[in-house]
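1. got a structure for you, letters missing:
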């Protein structure tokens, strides 16, 4: 069983950057596909970015492509989300999700979730 803990969120201005981290424990992390989702108040949870088990494959939502970058360090059991050129519409709680089976962009396909880290972009 994998436990996930996110960190790195905060209050930033438009155009700023943040690096989010998702630290895993309790399982063979290198066997898990990992994704970042985000959820704003009153909105559905949406896929942001995903990365495969060894980091050789990534995919992104169209709204963040070119601005966000997902990576992982399996030696540290950690997945990162580098967020650049942040916009007010990026404001949300960012959640890390993992599963041993490929779940793509669908939230219900992920069996393990963290509690989230809040990102607020405001001038």
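-> Looks like it arrived, so ask away. Since this is a predicted model, take the numbers as computed values, not measurements. Numbering: from 1, shown residues only.
2. what lies in contact with stretch 20-34?
-> 1-9, 36, 50-54, 72, 74, 76-83, 94, 96-103, 112, 114, 117, 119 (Cβ atoms under 8 Å, 6 or more residues apart in numbering). For the C-beta atoms, the positions are set from N, CA and C on the backbone; glycine is no exception.
3. mind listing what's buried in it?
-> Applying a neighbour-count criterion of 16 or more other Cβ atoms under 10 Å, one finds 20-24, 27, 29, 32-34 buried in stretch 20-34.
4. contacts only, for the residue nearest to residue 119 when sequence neighbours are not counted.
-> Counting by Cβ to Cβ, 6 or more residues apart in numbering, the nearest residue to residue 119 once its immediate chain neighbours are dropped is residue 9, at 4.7 Å. Listed by Cβ under 8 Å, 6+ apart, the contact partners of residue 9 are 18, 20, 93-94, 117-120.
5. in ChimeraX, how would I select the buried members of those?
-> Here is the ChimeraX selection string for the buried members of the contacts of residue 9, based on 16+ other Cβ under 10 Å:
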select :18,20,93,94,117,119
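6. TSV for the contacts of residue 9, including secondary structure and pLDDT?
-> Below are the contacts of residue 9 laid out as TSV (DSSP: H, G, I helix; E, B strand; the rest coil; pLDDT from 0 to 100):
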residue	secondary structure	pLDDT
18	strand	98
20	strand	98
93	strand	98
94	strand	98
117	strand	98
118	strand	98
119	strand	98
120	strand	98
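7. ok, of the contacts of residue 9, which one's closest to residue 45?
-> residue 93 (9.1 Å; Cβ to Cβ).
8. just give the nearest non-adjacent residue to that closest one, would you?
-> residue 116 (4.0 Å).
9. circling back: in a markdown table: the buried residues of stretch 20-34, plus distance to residue 66 and secondary structure.
-> Output for the buried residues of stretch 20-34, formatted as a markdown table (distance: Cβ to Cβ, whole Å; DSSP: H, G, I helix; E, B strand; the rest coil):
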| residue | distance to residue 66 | secondary structure |
| --- | --- | --- |
| 20 | 17 | strand |
| 21 | 21 | strand |
| 22 | 21 | strand |
| 23 | 26 | strand |
| 24 | 27 | strand |
| 27 | 32 | coil |
| 29 | 27 | helix |
| 32 | 26 | coil |
| 33 | 22 | strand |
| 34 | 21 | strand |
